[in-house]
Structure formats: structure tokens, C-alpha cells
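Just the structure for this:
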Amino acid sequence: MLRIGVTGGIGVGKTIVCRLFQVLGIPVYDADTRAKWVMQHDPALKQELQEAFGQETYTSEGQLNRAYLASVVFNNQERLEKLNAMVHPHVGTDFERWAASNAKAPYLIKEAALMFESESWRQMDEIIVVTSPLEVRLKRLLKRDAHRTEADIKAIISKQLSEEEKIARAQHIVYNDDQQLIIPQVLSLHQQFLDKV
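Reported below is the predicted structural model:
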């Protein structure tokens with residue numbers, strides 16, 4: 001089973017690229033969404049997180065307290081790395097279960113913003129990086145996330161691996177720069193992957 005990773009920084013358009021693959025009938029695992037699900041539903045992980053970050057990590061109703069957790073880890077690199085080191089293995093296990101349940105597909109896509117940072121690229125056969133110029137990303141994100149300021153977005157981007165580093169480590173690049181059409185790029189990659197299976 002060919003496994004393709006899709007990654008890129010915030011606001012580059014990973015989701016739209018993955019939706020195009022889904023339209024082509026390819027199953028897509030959204031690691032960020034599944035990480036939230038796992039943090040809410042995996043009892044062992046919930047216990048680990050409470051022991052590491054305090055009982056306030058979950059509400060009295062057992063819901064993940066995202067605002068609290070974000071306030072504890074966002075400006076503390078050591079705590080953020082600790083959180084990621086706890087969550088990523090559970091997401092990896094969840095991905096393996098999902099992959100097994102989609103074994104009849106010609107190939108699989110895993111979308112993850114932190115593909116390189118989490119080392120989950122090692123589970124993939126090939127990596128696609130979606131890239132976009134900073135000014136285009138800022139414009140998109142300010143429109144999409146009304147609660148964020150330009151400074152907020154730049155702070156998030158500064159914590160992510162650079163575009164240049166991601167591109168250097170990828171086998172494929174999709175340019176989502178409002179200049180080049182995305183659909184032909186995805187169709188070309190789809191055909192390349194089908195030719196390999």
C-alpha cells in the first residue's frame with residue numbers, strides 16, 4: 001500500500017489539495033483532526049496529559065480544555081515538545097488502524113501540518129509539500145480566521161519548519177500561489193501514484 005504524506009505550513013492550502021484527492025476516490029487521514037479526537041477519546045493519553053499538565057487539562061465533564069492547554073504550552077517550547085511527544089505516538093497508532101481499514105484503496109494520503117516535526121514522514125513512501133508565498137498565506141488566514149491577527153499568524157509560522165526546509169525534504173511540490181492551477185498538479189500526481197501501484 002503506497003502511503004503519501006501531504007504537509008505544509010499554516011495557510012498553504014493542504015486541505016483543498018487533500019479534498020481534490022478525495023474527489024478522485026483516495027482516502028485521506030487528517031492527522032490534526034484525528035489528534036483532537038484521540039486526545040478526547042483515548043483514556044491512556046488523557047491520563048498522561050493530566051499527569052503532565054494538570055487536572056485542568058480536561059473539564060469536570062471530561063472535555064479537553066483546549067484554551068488551558070494552549071496557554072500552558074504555546075509559548076513554552078519544552079512543554080510543546082512534551083505535548084507533541086505524548087500525542088504523536090497515539091495518532092500514529094490511530095493512523096495504522098485507519099490504514100488497515102482502507103487497504104483496498106490504490107493508495108492513501110495522510111495530511112499533517114507537522115509531518116517532519118513529528119517524524120511521521122517515516123511512515124510515508126513519498127511526501128507532497130503544498131507551498132504558498134507568505135503574503136498569500138497571510139491574506140487567506142486573516143480572512144479565514146477572523147480571531148487571529150497578522151502577528152498571531154506570524155508567530156505560528158515562526159514555530160513551524162521553514163518552507164525551504166520542507167521543500168528540500170519532499171519528493172513532490174504543489175504550488176498554491178494563486179498563479180498556478182491546483183487541479184492539474186493534483187491530477188498529475190494522482191496518475192504518477194496510480195502508475196506505481
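
hey, where'd the strands end up in this protein?
2-7, 28-30, 107-111, 126-131, 172-175 (DSSP state E).

can you list those strands in JSON lines and add mean neighbour count, distance to residue 182 and mean pLDDT?
(C-beta placed from N, C-alpha, C; glycine too.) Formatted as JSON lines, these follow (neighbours: other CB atoms under 10 Å; distance: least, CB to CB, whole Å; pLDDT from 0 to 100):
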{"stretch": "strand 2-7", "mean neighbour count": "23", "distance to residue 182": "12", "mean pLDDT": "97"}
{"stretch": "strand 28-30", "mean neighbour count": "19", "distance to residue 182": "15", "mean pLDDT": "98"}
{"stretch": "strand 107-111", "mean neighbour count": "23", "distance to residue 182": "15", "mean pLDDT": "98"}
{"stretch": "strand 126-131", "mean neighbour count": "23", "distance to residue 182": "9", "mean pLDDT": "97"}
{"stretch": "strand 172-175", "mean neighbour count": "19", "distance to residue 182": "6", "mean pLDDT": "98"}
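
And the ones you listed: which comes nearest residue 56?
Residue 56 lies closest to strand 28-30 among the strands of the chain, at 27.1 Å (CB to CB).

picking up where we left off before, in JSON lines, list the strands of the chain along with distance to residue 137.
Formatted as JSON lines, the strands of the chain follow (distance: least, CB to CB, whole Å):
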{"stretch": "strand 2-7", "distance to residue 137": "14"}
{"stretch": "strand 28-30", "distance to residue 137": "19"}
{"stretch": "strand 107-111", "distance to residue 137": "17"}
{"stretch": "strand 126-131", "distance to residue 137": "9"}
{"stretch": "strand 172-175", "distance to residue 137": "13"}
